[in-house]
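Q: Predicted model, plus sequence, below.
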Amino acid sequence: MNESSYVDIIFDVPLKQTYSYRKDEKQEASVGKRAMVPFGKREALGYIIAERDNPPEGVENKKIKTIRRVVDKEAVFDEDNIALAKWMASYYLCGPGEALAAMIPQGRRTGSYPSFADDDLPEKRLELSDEQRRALDGIAEMAAARKSGLSSPEMAYLYGITGSGKTEVFLRTAEKLLDAGKTVIYLVPEISLTRQTSELMGRRFGSAAATLHSGMTGSQRLTEWMRIRRGEAGIVVGPRSAVFAPLRNLGLIIIDEEHDGSYKSGNTPRYHARQIAMRRSSSEGALLLMGSATPSAEAWKLMNDGTIRRFYLSQRLSGGKLPEIFPVNLAKTEGCLTRELKDEIRVTSQMGRQTILFLNRRGFGYFYQCRSCGFELTCRHCSVSLTYHKSRNRAVCHYCGYQIKPPEACPECGSLDAGFRGFGTELIEEEVRNSFPDLKIGRVDADTTKKKGSLEQLLGAFKAGELDILLGTQMVAKGLNFPGVRLVGVVFADTGLHLPDFRAAERTFSLIVQVAGRAGRYFPDGKVIVQTLRPSDPAISRACSLDVEGFFAAELLQRSELGFPPYSRLIRFTVRSRSAEKAKRAAARLAVLVKPALPPGAELLGPCECAISLRAGSYRHQILLRGKTMGPLHKSASFLLESYGREKEAGVYVEADVDPMDLL
């Protein structure tokens, strides 16, 4: 046979094996390309990760199948991508093909993709404050030390109040790295922020900037990916998957709004972009620069320990100052809006200014209850309440999409004293329109932004002053900068506090502080009304006083006493099955298998039902492995998966989640 007549291929499947194939007749197959090959009884897309002269030892030549078709004319990934995929497979307990598939955009190459033009108008450069200048100089010094290979911390954190100019420091740091011949990845948590940041990049860097996000088609993403691979872009902006951007000579990774949960993938591989960024910055000699007004508990602890170097911005720029924040008790309020919030909306309108109303729940009402017999209307496939959407006259499950027409009477006892309670953005919109018929109102949530371009249109109209009130879910809480906003109303601050999860208080605190940061960014009269049934809860009271240090001091003390991250590491195994008995039995079996393999000091929590025990028709149980360090836990987890794999039951699925962000 000719030299390098065979290739090794991996697939987007939960298997660790590598499969060998004979090269195609045209000899186009090579490392870094994708190929269509026979795989079992079907044809599948595979990733070529190695070439070989001879068949694998012990494999008969005649049994090796031939590649059907090579998909790519040029390589779409390289040895660095392969190495990172293998590390991800080991760390996140998945197949290397699953990890590689998460990096590489799916699609076919297209002719071109409209990128940033060189003739874009340059953005007006802002004058730096003394704090910004000190932070920029310190971060640049760290980046230079990393570039020179000197001993230096690999991570920096720009901790600053909302509106303190973190973005400008990020951009100036990126400029310095680009001028030094390095490349930059700039991560943001949401697509809406990707587009906003992309505009900044286009004005600042022109065609040197590229973007990668899920709003693009697979072909568009792949075309942009190849432009980055060829070195035609030096800075890439996008949400979590942009952390895999194939930049050479990487010098800086920026994670804006580092605390945000959207940096964690909800599907296999369940990677966290922060962990991938740490890995890449360490192996490629880059600096990792994170930033937020509300750091994650993990980052806060690492800053206090000195592992991450902290730079602090304490002053608002552009003439604004931190808003006044008032907690208001909802207990005796009829409807969604308290008198205090309504009064401030009217005053704000009379001043010619704008209001943002925030609630982290879409729909009209979020649970159906009979006051006579206590019956609750839940999803047929999930153990969660259905949410009423008045515009569609449907009760909908936000987990699986199941929907029904709302009952006219209680299905259990026939009582008419039954209906939907609580409130979502749809109900708030109705009450606001009834209370303020003369004001122009826009709603931003997953229901109103399904149509392509609708989110940009709504946000653009609000920024232009065409709307008086913008109400919405988390989309309005993150990073958006609206000069005309005086008032922010948090309609119901308690939503997340009811969740049975150790991060519930941290999420609630961060959301309130972040959404409050939208008020008064350009004027010194911003106000925030926080409506709550629990005004004395520490997460809410400390958020209202913007006491970040006090919150984390108390939260970390509690986490330490309870043994939760960042004082421990967790690996979660979720078992799901259409059969409740099978799911329960499999979780119990997992617990039995792993107990002998637990390292000293580690413990097993469970088995037990998940907080949402039924989701999309599958019954769910879980076990948790908890220990001080990840290494020994990994060994136990790998042993468990291998042992269970030899005796797994049909119709049962086990999902591994390393460093889970929630336990629902």
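A: Sure, I can see it.

Q: Now stretch 483-494: buried residues?
A: By neighbour count on 16 or more other Cβ atoms under 10 Å, the buried set for stretch 483-494 is Gly484, Val485, Arg486, Leu487, Val488, Gly489, Val490, Val491, Phe492, Ala493, Asp494. (Each C-beta comes from the backbone N, C-alpha and C, glycine too.)

Q: Which parts of the stretch 51-200 of the chain are strands?
A: In the stretch 51-200 of the chain, the strands defined using DSSP state E, counting those that start in this stretch lie at 69-70, 155-160, 183-187.

Q: re earlier: with respect to Arg353, which of the buried residues of stretch 483-494 is nearest?
A: Arg486 (3.8 Å; Cβ to Cβ).

Q: Does that closest one lie in a helix or a strand, and which?
A: For Arg486, the element it lies in under DSSP states H and E is strand 485-490.

Q: quick check: angle from the helix or strand just after that strand to strand 485-490?
A: Per DSSP H and E, the first helix or strand lying C-terminal to strand 485-490 is helix 504-516. Interaxial angle of helix 504-516 relative to strand 485-490 (axes from the mean of the first three to the mean of the last three Cα atoms, to 10 degrees): 160 degrees.

Q: who does the helix or strand just after helix 504-516 touch, helix- and strand-wise?
A: The helix or strand immediately downstream of helix 504-516 is strand 527-532, counting by DSSP H and E. The contact analysis (3 or more Cβ pairs under 8 Å, 6 or more residues apart in numbering; DSSP states H and E) places strand 527-532 against strand 324-329, helix 339-350, strand 485-490, helix 504-516, helix 538-544.

Q: 7 Å instead, please
A: Counting by 3 or more Cβ pairs under 7 Å, 6 or more residues apart in numbering; DSSP states H and E, the packing neighbours recorded for strand 527-532 are strand 324-329, helix 339-350, strand 485-490, helix 538-544.

Q: right, and the ones you listed - which one's nearest Met201?
A: Of all the helices and strands packed on strand 527-532, strand 485-490 comes closest under Cβ to Cβ, at 24.1 Å.

Q: Name the strands paired with that closest one and say parallel or antiparallel.
A: Within its sheet, and counting by DSSP bridges, strand 485-490 is paired with strand 354-358 (parallel), strand 527-532 (parallel).

Q: Domains in this protein, by residue range?
A: 6-103, 130-313, 324-364+423-558, 569-658 (automatic domain parsing).

Q: Output the host helix or strand of Arg203 in PDB with nothing but the alpha carbons.
A: Using DSSP H and E, Arg203 falls within helix 191-205. Extracted in PDB, the C-alpha atoms of helix 191-205 (Å, rounded to 0.1, in the frame of the first residue of the first chain):
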ATOM      1  CA  ILE A 191     -26.400  37.200  21.200                       C
ATOM      2  CA  SER A 192     -28.000  40.600  21.800                       C
ATOM      3  CA  LEU A 193     -24.700  41.700  23.400                       C
ATOM      4  CA  THR A 194     -22.700  40.000  20.600                       C
ATOM      5  CA  ARG A 195     -24.400  42.300  18.100                       C
ATOM      6  CA  GLN A 196     -23.900  45.400  20.300                       C
ATOM      7  CA  THR A 197     -20.200  44.500  20.900                       C
ATOM      8  CA  SER A 198     -19.800  43.600  17.200                       C
ATOM      9  CA  GLU A 199     -20.800  47.200  16.200                       C
ATOM     10  CA  LEU A 200     -18.200  48.500  18.600                       C
ATOM     11  CA  MET A 201     -15.600  46.100  17.100                       C
ATOM     12  CA  GLY A 202     -16.500  47.100  13.600                       C
ATOM     13  CA  ARG A 203     -16.000  50.800  14.300                       C
ATOM     14  CA  ARG A 204     -12.800  50.200  16.300                       C
ATOM     15  CA  PHE A 205     -11.100  47.400  14.300                       C
END
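
Q: Tell me what angle the helix or strand that Ala553 is a member of forms with strand 155-160.
A: Using DSSP H and E, Ala553 sits in helix 548-562. Angle, helix 548-562 to strand 155-160, by the same axes, to 10 degrees: 130 degrees.

Q: Would you indicate which residues of helix 548-562 are buried?
A: Val548, Phe551, Phe552, Glu555, Leu556, Arg559.

Q: can you list the residues you listed in TSV and add distance to Phe311 and pLDDT?
A: Output for the buried residues of helix 548-562, formatted as TSV (distance: Cβ to Cβ, whole Å; pLDDT from 0 to 100):
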residue	distance to Phe311	pLDDT
Val548	15	96
Phe551	20	97
Phe552	17	98
Glu555	22	96
Leu556	21	97
Arg559	25	94
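
Q: of all those, which two lie farthest apart?
A: Farthest apart among these - using Cβ to Cβ - are Val548 and Arg559, which lie 15.8 Å from each other.

Q: tell me how far the strand holding Arg486 is from the chain's mean position?
A: 25 Å (Cα atoms, centre = their mean, to the nearest Å).

Q: Next: stretch 532-540.
A: 26 Å.

Q: measure it end to end?
A: Using Cα to Cα, to the nearest Å, one end of stretch 532-540 lies 8 Å from the other.

Q: who touches that stretch?
A: 327, 329-331, 493-494, 497, 505, 508-509, 512, 530, 541, 554 (Cβ atoms under 7 Å, 6 or more residues apart in numbering).
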